[in-house]
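Enquirer: Sequence and predicted structure, then a few things I'm wondering about:
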Number of protein chains: 2
Amino acid sequence: MSETTARPLRADAERSVRAILEAAERVLSADPGASMEQIATAAGVARTTIHRRFAHRQALIEALASSAARQLAQAVEDGRPDTAPPLVALHRITANVLEVKGAWAFALGLPADPDSEAAAIHQDIGQRCITVLERARADKLVDEAADLHWVRRVYYALLGESLHGSPDDAGTDTDTLAARLIDTLLHGAGPRS
Amino acid sequence: MSETTARPLRADAERSVRAILEAAERVLSADPGASMEQIATAAGVARTTIHRRFAHRQALIEALASSAARQLAQAVEDGRPDTAPPLVALHRITANVLEVKGAWAFALGLPADPDSEAAAIHQDIGQRCITVLERARADKLVDEAADLHWVRRVYYALLGESLHGSPDDAGTDTDTLAARLIDTLLHGAGPRS
DNA sequence: CATAATTGCAACAGCAGCGATGCACTTATG
DNA sequence: CATAAGTGCATCGCTGCTGTTGCAATTATG
């Protein structure tokens, strides 16, 4: 909603922007205080090129946050949160989100200020999340008395935890992780009936 | 194990160190890249005083991590993880940890390098956590087939999430938060039988 | 192919933070 | 109370990052 006003970038320039954003994610996730120089090097680009596309350092950060938020929204959308059976949607969404969050952990963990594009997207995602949970509750998958906002927070927390990836789940595919996550979300660690 | 070799600090000096560590937690949790000057001001101390106690910036960070880790270990210990009934221990520990983690969120979120004092303490805490879970499993509170390492990760994630504190739980006492957390850990969000 | 966009490189000024030092003053401690 | 420890302040040199500019070379595009 902010960059779309400018005239279309040349094909190679667009590739540069992508490379910069990806490098920024990589470098900054390893060291949030990394210099523009480090990011530039990682992107295979001169530092001045970054400054041409992103005036300030913070402009780069915001673009990074927006880009990641958009991808996350897409990941949620692909799970058909409004039409697929709740359990199916929940599983698909979880698997998709795990992919995206794994690739853009830093960008998605960024503190978005309230009136940024990223913040709006995240709020929208949060709403869709609530919707899915309501549908799940209607199907008796979630307790009727449950506080859905708390459930969502737990869900988010489990997503975050699933990403840390202990040595055990190195190489475990996203579907398996999603299955465990949802099972834990719905049943916890207690004994099965 | 590292500072104890020096001769005891004068009473007022010790107070300064405390003030510096507390200020560092406050300031750095708001902005991880904050300057020594900002920390010093927040501590009501001259910047040079900080450098007298902590040679490098990183030395301050490590001391902060160690201090917080020790307090966390104490919080766990106070819950009698080895002797109290598992559910009681779990509740006490959770409430205690929520207090400490709330006050030292930044310091405890710090990436501790493997051979630091903090890392050793955290590993020890992790072990005690597993112990409590084993005792809980013996009491049929946790499913026999459960992967305790995953349960612990879920527990950690729930602790982290409980701290974020949505507007709703502003002012909610620690015991209530702990109760909800443990309930969720053991039963999840699914329907109650 | 002609043109305009894109880029690398080199260089610049500016700035903020770090870590150290010396000195005078205050304060805890035996 | 005498001493030693602790502190504030002013100051220094140094380093590293930022953001900008100009120019020449390359490359996509109609």
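Expert: Noted; the coordinates are in hand. Numbering: from 1, shown residues only, chains lettered A, B, ... in the order given.
Enquirer: contacts, neighbours, all on C-alpha from now
Expert: Noted.
Enquirer: And for A:Arg26, the neighbour number?
Expert: Using other C-alpha atoms under 10 Å in any protein chain shown, A:Arg26 has 20 neighbouring residues.
Enquirer: do A:Arg47 as well
Expert: Neighbour count for A:Arg47, taken as other C-alpha under 10 Å: 16.
Enquirer: isn't it right up against A:Arg53?
Expert: No: counting by C-alpha atoms under 8 Å, A:Arg53 is not a contact partner of A:Arg47; they are 10.6 Å apart.
Enquirer: end-to-end on stretch A:40-60?
Expert: Stretch A:40-60 has an end-to-end distance of 12 Å (C-alpha to C-alpha, to the nearest Å).
Enquirer: Could you chop chain A up by domain?
Expert: Annotated domains of chain A cover A:11-55, A:64-187 [automatic domain parsing].
Enquirer: List the contacts of A:Gly188.
Expert: By C-alpha atoms under 8 Å, 6 or more residues apart in numbering or on different chains, the residues touching A:Gly188 are B:184-189.
Enquirer: out of the residues you listed, who's nearest DNA strand C?
Expert: B:Leu185 (40.3 Å; C-alpha to the nearest atom of the strand).
Enquirer: Can you tell me the SS state at A:Val45?
Expert: At A:Val45 the chain is in coil, as set by DSSP: H, G, I helix; E, B strand; the rest coil.
Enquirer: per-residue pLDDT, it?
Expert: According to the prediction, A:Val45 has pLDDT 98.
Enquirer: Report the separation between it and A:Ile39.
Expert: Computed as C-alpha to C-alpha, the A:Val45 to A:Ile39 distance reads 9 Å.
Enquirer: Now A:Gly188, what are its backbone angles?
Expert: phi 70, psi -160 (degrees, to the nearest 10).
Enquirer: before we move on, the earlier item: ranking the contacts of A:Gly188 by neighbours, who comes first?
Expert: The member of the contacts of A:Gly188 that has the most neighbours, counting by other C-alpha under 10 Å, is B:Ala189 with 30 neighbours.
Enquirer: Where does the closest residue to it other than its chain neighbours fall, secondary structure wise?
Expert: Using C-alpha to C-alpha, 6 or more residues apart in numbering or on different chains and skipping the chain neighbours, the partner closest in space to B:Ala189 is A:Leu186 (4.6 Å). Element membership of A:Leu186, judged by DSSP states H and E, is helix A:174-187.
Enquirer: which strands and helices sit next to that helix?
Expert: Packing partners of helix A:174-187 (3 or more C-alpha pairs under 8 Å, 6 or more residues apart in numbering or on different chains; DSSP states H and E): helix A:86-103, helix A:148-164, helix B:174-187.
Enquirer: pLDDT averaged over it, what's the number?
Expert: Here helix A:174-187 scores 98 as its mean pLDDT.
Enquirer: Output that helix as PDB, nothing but the C-alphas.
Expert: The C-alpha coordinates for helix A:174-187 follow below in PDB (Å, rounded to 0.1, in the frame of the first residue of the first chain):
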ATOM      1  CA  THR A 174       6.300 -29.600   8.900                       C
ATOM      2  CA  ASP A 175       3.200 -31.800   8.900                       C
ATOM      3  CA  THR A 176       4.500 -33.900  11.700                       C
ATOM      4  CA  LEU A 177       5.300 -30.900  13.800                       C
ATOM      5  CA  ALA A 178       1.900 -29.400  13.000                       C
ATOM      6  CA  ALA A 179       0.200 -32.600  14.100                       C
ATOM      7  CA  ARG A 180       2.000 -32.700  17.400                       C
ATOM      8  CA  LEU A 181       1.300 -29.000  18.000                       C
ATOM      9  CA  ILE A 182      -2.400 -29.300  17.400                       C
ATOM     10  CA  ASP A 183      -2.600 -32.400  19.500                       C
ATOM     11  CA  THR A 184      -0.900 -30.600  22.400                       C
ATOM     12  CA  LEU A 185      -3.100 -27.500  21.900                       C
ATOM     13  CA  LEU A 186      -6.300 -29.600  22.100                       C
ATOM     14  CA  HIS A 187      -5.400 -32.200  24.600                       C
END
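Enquirer: hmm, back to that, OK, contacts around the residue nearest to B:Ala189?
Expert: By C-alpha under 8 Å, 6+ apart, the contact set of A:Leu186 is A:141-142, B:187-190.
Enquirer: Reformat these into CSV and put distance to A:Glu14 next to each item.
Expert: Converted to CSV, the contacts of A:Leu186 look like this (distance: C-alpha to C-alpha, whole Å):
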residue, distance to A:Glu14
A:Leu141, 45
A:Val142, 45
B:His187, 49
B:Gly188, 45
B:Ala189, 44
B:Gly190, 46
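Enquirer: neighbour count winner among A:Val45 and A:Ile39?
Expert: When A:Val45 and A:Ile39 are compared for neighbours, A:Ile39 comes out ahead with 24 against 16, by other C-alpha under 10 Å.
Enquirer: quick one: the more buried one from chain B, how far?
Expert: Noted for A:Ile39: a distance of 18 Å to chain B, by C-alpha to the nearest C-alpha, to the nearest Å.
Enquirer: Over to A:Ala107?
Expert: From A:Ala107 to chain B the distance is 16 Å (C-alpha to the nearest C-alpha).
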